[in-house]
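Peer 1: model this:
(2 chains)
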Number of protein chains: 2
Amino acid sequence: MREDTPTVLNEQELKPAGSSMSPKITIELLRQLRQAMRNSKYISEPIQAYIIPSGDAHQSEYIAPCDCRREFICGFNGSAGTAIVTEQHAAMWTDGRYFLQASQQMDNNWTLMKMGLKETPTQEDWLLSVLPENSKVGVDPWIIAADQWKTMSRALASAGHSLVTVQDNLIDAIWEDRPTRPSTKLITLGVNYTGITWQEKVTALRAKMSERKISWFVVTALDEIAWLFNLRGSDIEYNPVFFAYAIIGMNTIRLFIDVKRMADPEVRQHLQLDSSGAAEMTIQTAPYELVYTELQAICAALGPKDKVWISDKASCALTEVIPKVHRSPIPYTPLCLAKAVKNPTEIQGMKMAHIKDAVALCELFAWLEKEIPKGTVTEISAADKAEEFRSQQKDFVGLSFPTISSVGPNGAIIHYRPLPETNRTLSLNEVYLIDSGAQYRDGTTDVTRTMHFGTPSAFEKECFTYVLKGHIAVSAAIFPNGTKGHLLDSFARAALWEYGLDYLHGTGHGVGCFLNVHEGPCGISYKTFADEPLEAGMIVSDEPGYYEDGSFGIRLENVVLVVPAKPKYNYRNRGSLTFEPITLVPIQLKMMNTDMLTQKERDWVNEYHRQCREIVGAELERQGRKEALDWLIRETQPIA
Amino acid sequence: MREDTPTVLNEQELKPAGSSMSPKITIELLRQLRQAMRNSKYISEPIQAYIIPSGDAHQSEYIAPCDCRREFICGFNGSAGTAIVTEQHAAMWTDGRYFLQASQQMDNNWTLMKMGLKETPTQEDWLLSVLPENSKVGVDPWIIAADQWKTMSRALASAGHSLVTVQDNLIDAIWEDRPTRPSTKLITLGVNYTGITWQEKVTALRAKMSERKISWFVVTALDEIAWLFNLRGSDIEYNPVFFAYAIIGMNTIRLFIDVKRMADPEVRQHLQLDSSGAAEMTIQTAPYELVYTELQAICAALGPKDKVWISDKASCALTEVIPKVHRSPIPYTPLCLAKAVKNPTEIQGMKMAHIKDAVALCELFAWLEKEIPKGTVTEISAADKAEEFRSQQKDFVGLSFPTISSVGPNGAIIHYRPLPETNRTLSLNEVYLIDSGAQYRDGTTDVTRTMHFGTPSAFEKECFTYVLKGHIAVSAAIFPNGTKGHLLDSFARAALWEYGLDYLHGTGHGVGCFLNVHEGPCGISYKTFADEPLEAGMIVSDEPGYYEDGSFGIRLENVVLVVPAKPKYNYRNRGSLTFEPITLVPIQLKMMNTDMLTQKERDWVNEYHRQCREIVGAELERQGRKEALDWLIRETQPIA
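Peer 2: A predicted model of the protein is given here:
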């Protein structure tokens, strides 16, 4: 699945996704919020503005319903947006993906601030223009990241205002039926899934800390905590994580989590909570909310040379607890880096998950071929069918993101998700794009295929072939050790560029192993420069596309593993890398204009299809899925 | 010519360039400098350390002899290095290109700090380790850039020390026979060379200033001043610039320059110094040294909303004159951006300059072919011959950088310049690499060719062909408007990477028009992210290479013009760009393994050679250079 980075798009692109929504009535909510902004129960002095960012206290990409505060106050439920309420005004900033949707979901108490347009003021500039002198602007320090706090705080201070923390969240204060924070059952993962025990991970982390003379590490990202302890949850849809914090010292492990979850005997056993092992491997658990005071206590006892690691994207609240002289903010934590390089067991699991996923998709495509001519398959029912086939596979847990199932013009909407009001019927006349994936206990999948069930037009085939050339150019690239992924992004575009075409998103993102489908610190995108170099064992997506407004969308996505390459020479003994496709789903031959492919590209397609047939074929055979096997064999015929 | 960016290289690479140099004896100089550091004549309180950076008050890449202060104090004359002298120690930091050279040029009073090695402390860390408590560290605020000052100042302050400005340069104070600042005759350029008058440039600049609500612009870069006023000088070798500052207001133009230079009637006429034209186009000249006090006077009269532009690379001294609330530092000034996009007259001039340059090189190569078998041609004599042929061309002014003329293993030394003690004889058995260029009144040239005058080995041809493929991949690339040059860098490497090879420098740099051979803000390098997008009219180099240590070096460099492309489609009406080669010198067919080229690449070579033959052939004919013409015709035969 494409990484959801904001871009300024034509509004027309967004129409189908957002049509026929009705706005949320917010007049009473705004009255209550403004009252709270003056209420001494929450704040010592009234504030003149209150900022409501998207996001949770862990800066998660996906969030739980209890954290959808910005949606609650303004009605807009897109993934990115910040609301600001003053005594007189209410405004909400979002990017080009959401202009139409936001305008339909918000009532006229709200001003939509279209980010990326020249005339749109920044939040800072807007606040300076509307605030009375010496204003106080409040924000929940748990939701705002430390670096965002800094920028906003400086801008306000330069004009005589101040940014202040409001410890009680004012939205929560007025949100009567706010859902409780999820506390789902935890899944423990044995070394057969993780390759190494959590104790070994802690030891490796401490080695990195001692190398850099770090005394403590405050873990705030949910996927890092899940990975470290070999635990999974389902607190947030699509992301198998759970709400927790951890603080790791050289002799201490503290886990802050809903303590009820620790009653589960399996979890107790997994975390060795009842054994009297070595003190430095004993986990001390404490309620989730106590992380703040415990971190305060730890910081109070720091020696003059002690340093504490915390992600530079962590919340302002936790970051500020650590005195500046002891604070060592890092863009990528050692857990983020260690998690990105998969070990042999994880690689094996990811491969297995993608074979099962391919089985489900072969079933789906064989089924679609039969059903589409009847005129009864829609974007939504196709997505449901894909989920049904996936759920039949071993160790299936759930989807890894909402399925993008789109036909014809809907395929050109980069941010599309099928809704009842946009739902289109699959036919023999339009291109079908499906971008989908699942969580299995052994791995996370993410695959996009674009198909035509009738006869594609010459232009559709032409564009598909440029995208395929780009996909192959990245997948088959050989590059030296130490190369950052962003240096490969142009390879995916060269064929499109040659004919005056392009796509407005990055080419790839890191993929977790039974974890988040988007993860750092590597990727393949022209938008970043701070990515970490690709290393053998990292797993990323390769997903160029082409989108013809109002007509069709094409995207081809494989998940690929970084592996050592052995080219003819070895300049300065640096060693070389390349990619091995982990996704093994046929790429529709009917959509290719094979005359446009070079011999090398044809060889790549044939070798890829040979692997699909051999590996996925064997599994289809084992599972006795005859029709899908026939489909696979037909779709993987070599091209001349 | 490759941009001279530092890299950590194997020391072996540097041996030939630096051999048999003897160190400068510095014991007496250091004694005098340490005395000056305590002398109340220069400073109110003694300083415990003095920093001597490379560079001049304009942050020029090449500097005049009077500004070679770091070389004077320590003996090391490489292009990059910073010396720091304390009461007890003297240390000099430089990068991998210069480790050997510096160790040979400095005596044992100096510690060489090898930048890029793990064990080497930063200047800040080293100072903190050697300074007594509460130390003062001095530096000439004219030589240190504002951003460097900030970093150093913060690091020192964090440990209780302070960085202080020393207005009198302490090296100048002890440098008895210091050369005077050059004040060469100025060259005035008419619109036949520049395309637009300096008045039009000032008007365009003011439009940009008014668009951004900027009241004043302090121009500190020498090439920007030369470009703005359509003047050239020869104060710095290879760079046709002159020492000056300018301050541009909405109704004022101030030029700070050695006033003696303004006595030249041609200059007076060109700058309209004696006409009573419109006040806002009247240039007020003042002595070079008065820029500081004049800027102070201007700043004292600023209104509360006035903003002043200054490059963020300008000196600390001038930057600090502007109060922070009025200061608007910019990475690329509007002059830097305007200068980069060449107008039709400049493009015509650049093309003409490259045709003349090609004539000279055809002469050179025809001559080399005849002379090399005699065994009398050396790297130095070949370079001299190239200069001789160039100097016969119309409007020749001088070289644009020191010629890199290298044979066999010397070609693998990326930073090589031939010296008497390294000078190698050209032969029929070794690869010859020549990277050279000149300043003509109508343009600046820069071209690299790699040739063999006997029979190249299969490996030499193989590597040459990978480099050629990379060169063509960039030159023929089509890419959307708005693309930054660094996104094209990998195209130049893909063929080398595929076989496990690479080169450790960027692929291209901006080229001035009868100005500096290296200029911003565009380029083609994986090392940068802050480059400005390529635009039609920009001129850059395309120069991939391959260097086989101890054996040979290959580089193929053309100067190319960014031009609109007209591909089949025009996605979102963005428009497309590509490159047109301006350099027209044959690429040696003998070095190519044509079996390794695709049909597209062969077509590119043939079309390129057709242009060389047609355009340069006509000029050779016109100049009656029969032998060179025969050589050109033979070297531009189409390949099958």
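
Peer 1: got the residue ranges for the strands in the stretch 201-350 of chain A?
Peer 2: A:216-219, A:231-232, A:245-249, A:253-256, A:283-286, A:308-311, A:327-330 (DSSP state E, counting those that start in this stretch).

Peer 1: do the stretch 51-200 of chain A as well
Peer 2: Counting by DSSP E, counting those that start in this stretch, the segments of the stretch 51-200 of chain A that form strands are A:82-86, A:90-94, A:111-114, A:136-139, A:162-165, A:187-188.

Peer 1: out of those strands, which gets nearest to residue B:617?
Peer 2: Proximity to residue B:617 (CB to CB) singles out strand A:111-114 among the strands of the stretch 51-200 of chain A, at 57.4 Å. To be clear about C-beta, it is placed using only N, CA and C from the backbone, and glycine gets the same treatment.

Peer 1: walk me through which strands the closest one pairs with, and which way each runs.
Peer 2: Sheet partners assigned to strand A:111-114 using DSSP bridges are listed as strand A:90-94 (parallel).

Peer 1: can you give me the offset of the strand it pairs with from its chain's centre?
Peer 2: Taking CA atoms, centre = their mean, to the nearest Å, one finds the center of strand A:90-94 at 23 Å from the center of the full chain.

Peer 1: could you dump the strands of the stretch 51-200 of chain A to a markdown table with mean pLDDT and distance to residue A:29?
Peer 2: Listed next are the strands of the stretch 51-200 of chain A as a markdown table, based on pLDDT from 0 to 100; distance: least, CB to CB, whole Å:
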| stretch | mean pLDDT | distance to residue A:29 |
| --- | --- | --- |
| strand A:82-86 | 98 | 10 |
| strand A:90-94 | 97 | 10 |
| strand A:111-114 | 96 | 16 |
| strand A:136-139 | 98 | 17 |
| strand A:162-165 | 96 | 22 |
| strand A:187-188 | 98 | 37 |
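
Peer 1: which among the strands of the stretch 201-350 of chain A is found nearest to chain B?
Peer 2: strand A:327-330 (13.6 Å; CB to the nearest CB).

Peer 1: what's that closest one packed up against?
Peer 2: Secondary-structure packing of strand A:327-330 (3 or more CB pairs under 8 Å, 6 or more residues apart in numbering or on different chains; DSSP states H and E): strand A:308-311.

Peer 1: with just CA atoms, put the strand it packs on into CSV.
Peer 2: What follows is strand A:308-311 as a C-alpha-only set of coordinates in CSV (Å, rounded to 0.1, in the frame of the first residue of the first chain):
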residue,chain,number,x,y,z
VAL,A,308,18.7,9.2,28.0
TRP,A,309,17.6,8.2,24.5
ILE,A,310,14.1,9.2,23.3
SER,A,311,12.8,9.4,19.7
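
Peer 1: just checking, what packs against that strand?
Peer 2: Using 3+ CB pairs under 8 Å, 6+ apart, strand A:308-311 is in contact with strand A:216-219, strand A:327-330.

Peer 1: ok, the nearest residue to residue A:267 once chain neighbours are set aside to residue B:70 distance?
Peer 2: Nearest non-adjacent residue to residue A:267, counting by CB to CB, 6 or more residues apart in numbering or on different chains: residue A:186, 5.2 Å away. Here residue A:186 is placed at a distance of 62 Å from residue B:70 (CB to CB, to the nearest Å).

Peer 1: tell me which helix or strand comes right after the longest strand along chain A.
Peer 2: Secondary structure of chain A per DSSP state E: the longest strand is strand A:558-565. Next helix or strand after strand A:558-565 toward the C-terminus (DSSP states H and E): strand A:576-581.

Peer 1: centre of the chain to that next one, how far?
Peer 2: 23 Å.

Peer 1: and chain B, is stretch A:566-583 touching that?
Peer 2: Yes: shown here: stretch A:566-583 in contact with chain B (CB under 8 Å from any CB of the partner chain) through A:567, A:568, A:569, A:570, A:571, A:572, A:574, A:576.

Peer 1: quick one on the thing from earlier: okay, the strands of the stretch 51-200 of chain A in CSV with mean neighbour count next?
Peer 2: Below are the strands of the stretch 51-200 of chain A laid out as CSV (neighbours: other CB atoms under 10 Å in any protein chain shown):
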stretch, mean neighbour count
strand A:82-86, 23
strand A:90-94, 23
strand A:111-114, 18
strand A:136-139, 23
strand A:162-165, 18
strand A:187-188, 19
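
Peer 1: how about the residue nearest to the spatial centre of chain A, phi and psi?
Peer 2: Per CA atoms, centre = their mean, the C-alpha nearest to the average position across chain A is that of residue A:518, at 3.4 Å. Main-chain dihedrals, residue A:518, degrees, to the nearest 10: phi -110, psi 120.

Peer 1: just to check, it is in contact with residue A:508?
Peer 2: No: under the criterion of CB atoms under 8 Å, residue A:518 makes no contact with residue A:508, lying 10.4 Å away.

Peer 1: what parts of chain A come near chain B?
Peer 2: A:477-480, A:487-491, A:493-494, A:497-502, A:526, A:529, A:565, A:567-572, A:574, A:576.

Peer 1: buried ones among these?
Peer 2: A:477-480, A:487-491, A:493-494, A:497-502, A:526, A:565, A:567, A:571, A:576 (16 or more other CB atoms under 10 Å in any protein chain shown).
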